[in-house]
Structures are given as C-alpha cells and as structure tokens.
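Chemist: just a sequence and a predicted model for now, questions to come.
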Amino acid sequence: MNCHPQIYEGKAKILYATDDPEILLAYFKDDATAFNAQKRGTIVGKGEINCQIAAHLFRAIEARGIATHYIDCPSTHEMRVKSVKIIPIEVVVRNIAAGSLCQQTGIALGTILPQPLVEFFYKNDALGDPLLTRDRLLLMELATPEQIEILAAKAIEIDRILQEFFQQCGITLVDFKIEFGVDKHQQILLADEISPDSCRLWLTGEPDANLRVLDKDRFRRDLGNVEDAYQQVLARVLGVKE
C-alpha cells in the first residue's frame, strides 16, 4: 500500500509524491478508456504490462540521446519519474493513416504517408482534446515558438527511434501520442508513457485488418483478445536487447 500522498489521478495512472520533491511515483492502472472517456472498462494486467513496456521504451529512447522523465521501476506496475510541469499539448506522430486522420480527411485506412505527420492537440478533456494549428498554440500561449519547434523535432526523432525498435519486434508503428514536461532546469523531457494505450501497433505482415491490431483499438472497436494483444507486445518488446 502506497503511504505517500496522491497528487494526481488520470485515466491511466495515479501520481504519488515521494520523500524527494523532485521525484514522483506513477502507478499504472488497469482502467481503460476511449473516446474521451465516454467508453470505460478494464483490461486485466494492463497497468503492469504498460509500465514494463514504457520503461523498456524510455530506456531505449534515452540510449539514443532523448531525455525522458523515467528513473526506474520499483515494482512491475510502478515507475519512478522526475517531477515535471506537463506542457498541455499532446503531440501525435503519424506514419500510416488511421483513426481521426482517416475520419477527418477521407484518406484511406492504411495509406503510408510520404513523411511522418506531426500534429498538436490541446490536452483538455472538457474541449475534447482538439487539434490545433501552430498559430492557435501561440495564441493560447500553450508553448513558446521555440518550444513548439523543439517538440516537433523531438517527436520526429522519437518516431525514428521507435520505428526502428518496433521493426525489430515484427511490429509496425502506425502512429503514437506523446507528452512532454519541463523540469526545474527548464529542460524539456519526454514524459507520460509509450505503450499500446498511446500507440497504434500492427502485427507486421498480417493481412487481416482486425487480427493485426495489437493496441487499444482492440478495446475501442470491441475486437476482443485485448489482454492477449498487450501481452504479445510486451513479449516482443522484452525480446529486444537493450
């Protein structure tokens, strides 16, 4: 039982204070949500699986020179992280057309994009996390022009690292959402998590559009075998040597 005070609870994690004010403890929950929390459920073992996947990926990203908030994992479903002030922007990188990109543009599902597409969304549940232009980001003072350029550049580099990593796993990285935070030194760190909750992951070479899905779309679209898909991602990720 965690004896430290809870400072925040989100849809997928609970953050606790620790004895060090610069370090927080993130507890990964089994709760699952979709469509801005309009759909709710539980994916058995999801917290433990996502925590281990995120830790492995954070270490891989750190090894390639991108600073993250990750410190270590004191247990299979807990992660110690550096305290940061989250920038209220969700950065999405798309390599293949899926989800809202298809719905809003008419681009066919599965279309390989000529280059990675970086998009910014306002992290605000009440507004439905809307897609924002860079001018709107600046108008709303959500980030400085310099920060926006840094976020975009880091996102592209993280995409390159993750594509290479997942290729080793036999998984295709369709798209993913990441968040960043600013530490006490004003350094921008990759934060939150990278997992099947925040990525679209397809089993490479699987022709069936439903069977290939290894991410939260199985929950969103009631495809079944959600736990099995998450377990498969974990097994493949852990199979890549750090």
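Modeler: Structure received. Numbering: from 1, shown residues only.

Chemist: do me a favour and get the end-to-end distance for stretch 24-43?
Modeler: Using Cα to Cα, to the nearest Å, one end of stretch 24-43 lies 25 Å from the other.

Chemist: list of residues touching it?
Modeler: Residues from elsewhere that reach stretch 24-43, judged by Cβ atoms under 8 Å, 6 or more residues apart in numbering: 2, 4, 7, 11-18, 44-48, 50-51, 54, 74, 77-83, 125, 128-129, 193, 197, 216, 219-220, 226-227, 230. Heads up, the C-betas are built off the backbone N, CA and C, glycines and all.

Chemist: buried residues in it?
Modeler: 24-34, 43 (16 or more other Cβ atoms under 10 Å).

Chemist: just the CA atoms of the helix or strand L113 falls within, as CSV, please.
Modeler: L113 belongs to strand 112-122 when assigned by DSSP states H and E. The C-alpha trace of strand 112-122 is given here as CSV (Å, rounded to 0.1, in the frame of the first residue of the first chain):
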residue,chain,number,x,y,z
ILE,A,112,1.5,5.0,-46.0
LEU,A,113,2.3,8.7,-45.5
PRO,A,114,5.1,10.2,-47.7
GLN,A,115,6.7,11.5,-44.5
PRO,A,116,5.8,11.5,-40.8
LEU,A,117,3.0,13.9,-40.0
VAL,A,118,3.3,15.8,-36.7
GLU,A,119,0.1,17.1,-35.1
PHE,A,120,-0.6,19.1,-31.9
PHE,A,121,-3.7,18.5,-29.8
TYR,A,122,-4.8,20.6,-26.8
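
Chemist: by contact count, what packs against the helix or strand following that strand?
Modeler: Downstream of strand 112-122, the first helix or strand assigned by DSSP H and E is strand 131-132. Helices and strands touching strand 131-132, by 3 or more Cβ pairs under 8 Å, 6 or more residues apart in numbering; DSSP states H and E, are strand 112-122.
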